[in-house]
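**Q** Quick one, what's the 3D model for this:
(one chain, ligands or ions: 1)
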Amino acid sequence: MNEKTKEELAQTFKGEITDAQEDIQKASRDTSLFKRIPSLVVYPTNTKDVSALVKVVRTAKENDNSISVTARSGGTDMSGGPLTTSIVASFTKHMNHIIEVGDDYAVTEPGVYYRDFEKETLKKNILLPSYPASREICAMGGIVANNSGGERTLKYGKTERYVEELEVVLSDGSVTTLKALAPEELEEKKKLNTLEGEIYEKMDNLLTKNEKLIEERRPKVSKNSAGYALWSVRDIKTNTFNLAKLICGSQGTLALWTKAKLGLVHPKAHRAMLVIFLDKLDILPDIVKRILKQEPESFESYDDKTFTFATRFLLDLLKQMGLAKAIHLAIEFIPEVEEVLVGGVPKMILMAEFAEDTIEEADAKAVAARDALADLHLSTTIEKNESESEKYWIVRRESFALLRKSLHGYYASPFIDDFVVQPETYPKFLPELNAILDQYKDHFIYTIAGHIGNGNFHIIPLMNIAEPENRKVILELAPKVYDLVIRYGGTTTGEHNDGIIRTPYIPQLFGKEMEELFKQTKQIFDPMNIFNPGKKVGGTFDDIKRDMLRSNE
Ligand SMILES: Cc1cc2nc3c(=O)[nH]c(=O)nc-3n(C[C@H](O)[C@H](O)[C@H](O)COP(=O)(O)OP(=O)(O)OC[C@H]3O[C@@H](n4cnc5c(N)ncnc54)[C@H](O)[C@@H]3O)c2cc1C
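**A** Numbering: from 1, shown residues only. Next up, the predicted model:
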């Protein structure tokens, strides 16, 4: 970036503008397989700053096509979403205010960490139920921009369901609020002689003209973060048109959001968990079917290798929690340790949690679920409250973090980390998946954890990516897994999004015609390609090869 652009930016932008190595290095990484060194990091203080930034970039773009803006909030993305070689706009430093908490909603800036957001909303006994497993380290910016999901998504859906309004900065630097519009309000918007008016006019046309195709290609699984959610803009039930639903999940490629109104839910007060220790995976589909009938709030799983890592790093995990809690948890783990000593580590641990208004109701649900499995003669246990089930949640929530701090010389490599298939396909899908993974077993160790009730698997191989052979495996194995997932009617990403790693698979997943609609959507919102280029649209396999890490740092 040239000095003139920096000077222009300094005149209108009130936050810090820096190319200090510490800031640049931090912004060059997320939790993906990639590294991109940005030329500049800026810390906006408010929406006006974001608008000023976009205006300067837009002008500079006329002479320098390489300039762009990529948003960053918590920086925990697993797909390379917040990485760029140009400007990073980092939100957690200043734009980190919760503006309002109402009775069933909250208004927030993007740089608020989820852990702080939840503390405030719980004071009114409400919460965003789509929080991800990275809840302690991620921020609202990425939760909305990735359309994140988590352990309660089975019952409550993903973030898109809760995004009511978004204040956004559009690609000409103008600021507007996107929300549900009645037909006559939409018509008024379309008359505006501004970029906003143009966007409404063109998006309405695009959605109307291609209604059938969009409906046909709408993912047929319970969660998806791939592509642009064109199928979510119109709400037939309320007869409204809401572009905020499209910005949600778009990874900062269509607009930058600066304020969000999120609908929140009153969580049930009590939980009981049925834990199933599974030795044979062939009965998994049957178990999942029966458990889903009992309507758990969460239905999660992790495998034997995750359990082994957890025990290896148990002390580290417990240390982070303080002495009193560590002792309590260590005692809680004793029956499981005994079980393992007698019967060995189960192949998979399934956690079905039931939430109700009273402890008795929650327990009754867990018991009913256990009874529904009686004829399968499984090893099970019921954890009667959240304090008892906490140990399972710690292992499940920390499963990726455990991998990241695990074996020296290995890197936890997310590239087949988030696909989704319908649970009904498990009997045929899982053996085929295992056969593919087995072909590469000399190249990595892998664990499986995930949202078993949604058919959403997190497979994050531990590999030595300093070895060129292993990096080749990434590009060879991913298309095989994605071919299989697509053949079974699934999606490549349920919540982690496309980023650098999955954007090139979008045509394979949605087909060429739909890819064309995604390109048109990008063109309508961001004709100069100012926002986060190469994600969602225009990303290539060469990007993956070029920017993949070459050491296990
Ligand atoms: C241990 C671990 C567990 C995880 N578990 C889950 C999980 O259960 N579910 C899940 O969904 N994800 C999970 N993730 C991935 C990631 O943490 C989430 O997607 C999270 O919501 C990202 O939030 P962030 O603030 O860190 O986003 P960032 O990494 O900062 O950004 C993510 C994307 O959002 C864009 N963005 C950020 N702010 C804005 C903004 N203001 N306007 C426009 N675009 C913006 C960025 O450009 C980028 O493309 C996990 C990651 C880790 C490390």
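
**Q** For the residue of the chain found nearest the ligand, give me its contacts.
**A** The nearest approach of the chain to the ligand comes at Gly142, 1.8 Å away (C-beta to the nearest ligand atom). (Each C-beta comes from the backbone N, C-alpha and C, glycine too.) The contact partners of Gly142, by C-beta atoms under 8 Å, 6 or more residues apart in numbering, come to Ser73, Gly74, Thr76, Asp77, Gly81, Pro82, Ser148.

**Q** Any residues of the protein in contact with the ligand? List them.
**A** 30-31, 70-78, 81-82, 91, 110, 132-134, 138-139, 141-143, 145-146, 148-150, 251-252, 256-257, 400-401, 495-496, 532 (C-beta under 6 Å from any ligand atom).

**Q** again, only this time at 5 Å
**A** Neighbours of the ligand within the chain, by C-beta under 5 Å from any ligand atom: 30-31, 71-78, 81-82, 110, 132-134, 138-139, 141-143, 145-146, 148, 150, 251-252, 256-257, 400-401, 495.

**Q** Keep only those of the residues you listed that are in helices.
**A** Among the residues of the chain next to the ligand, DSSP state H puts Gly141, Gly142, Ile143, Ala145, Phe400, Ala401 in helices.

**Q** Switch these over to a markdown table; also include distance to Glu8 and pLDDT.
**A** Below are those laid out as a markdown table (distance: C-beta to C-beta, whole Å; pLDDT from 0 to 100):
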| residue | distance to Glu8 | pLDDT |
| --- | --- | --- |
| Gly141 | 25 | 98 |
| Gly142 | 29 | 98 |
| Ile143 | 32 | 98 |
| Ala145 | 27 | 98 |
| Phe400 | 41 | 76 |
| Ala401 | 41 | 74 |
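
**Q** about what we covered before: of the contacts of Gly142, just the buried ones, PyMOL syntax please.
**A** Buried residues among these (16 or more other C-beta atoms under 10 Å), as a PyMOL selection:
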select buried, resi 73+74+76+77+81+82+148
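
**Q** could the contacts of Gly142 be laid out in JSON lines, adding distance to Phe117 and pLDDT?
**A** Shown next, in JSON lines, are the contacts of Gly142 (distance: C-beta to C-beta, whole Å; pLDDT from 0 to 100):
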{"residue": "Ser73", "distance to Phe117": "12", "pLDDT": "98"}
{"residue": "Gly74", "distance to Phe117": "11", "pLDDT": "98"}
{"residue": "Thr76", "distance to Phe117": "15", "pLDDT": "97"}
{"residue": "Asp77", "distance to Phe117": "18", "pLDDT": "98"}
{"residue": "Gly81", "distance to Phe117": "20", "pLDDT": "98"}
{"residue": "Pro82", "distance to Phe117": "19", "pLDDT": "98"}
{"residue": "Ser148", "distance to Phe117": "13", "pLDDT": "98"}
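
**Q** which pair in the contacts of Gly142 spans the largest distance?
**A** Pro82 and Ser148 (13.7 Å; C-beta to C-beta).

**Q** And the helix or strand harbouring Tyr426, what does it pack against?
**A** Per DSSP states H and E, Tyr426 falls inside helix 426-439. Applying 3 or more C-beta pairs under 8 Å, 6 or more residues apart in numbering; DSSP states H and E, one finds that helix 426-439 makes contact with helix 284-293, helix 468-487.

**Q** Val265 - how many residues pack around it?
**A** Neighbour count of Val265, defined by other C-beta atoms under 10 Å: 18.

**Q** for Met273, phi and psi?
**A** Phi and psi for Met273, reported as degrees, to the nearest 10, are phi -120, psi 130.

**Q** same question but for Gly499, I mixed them up
**A** phi 50, psi -150.

**Q** Return the residues in contact with the residue nearest to it when sequence neighbours are not counted.
**A** Leaving aside its sequence neighbours, Gly499 sits nearest to Ser79 (C-beta to C-beta, 6 or more residues apart in numbering; 2.5 Å). For Ser79, the contacting residues are Asp30, Ser32, Gln251, Pro414, Thr493, His496, Asn497, Asp498, Gly499, Ile500, Ile501, Arg502, by C-beta under 8 Å, 6+ apart.

**Q** and with 6 Å instead?
**A** With contacts defined as C-beta atoms under 6 Å, 6 or more residues apart in numbering, Ser79 is in contact with Ser32, His496, Asn497, Gly499, Ile501.

**Q** Determine which two of the residues you listed are furthest apart.
**A** Ser32 and Asn497 (10.4 Å).

**Q** So for the two, which sits in the more crowded spot?
**A** Counted by other C-beta under 10 Å, Ser32 and Asn497 do not tie: Asn497 has more neighbours, with 30 against 25.
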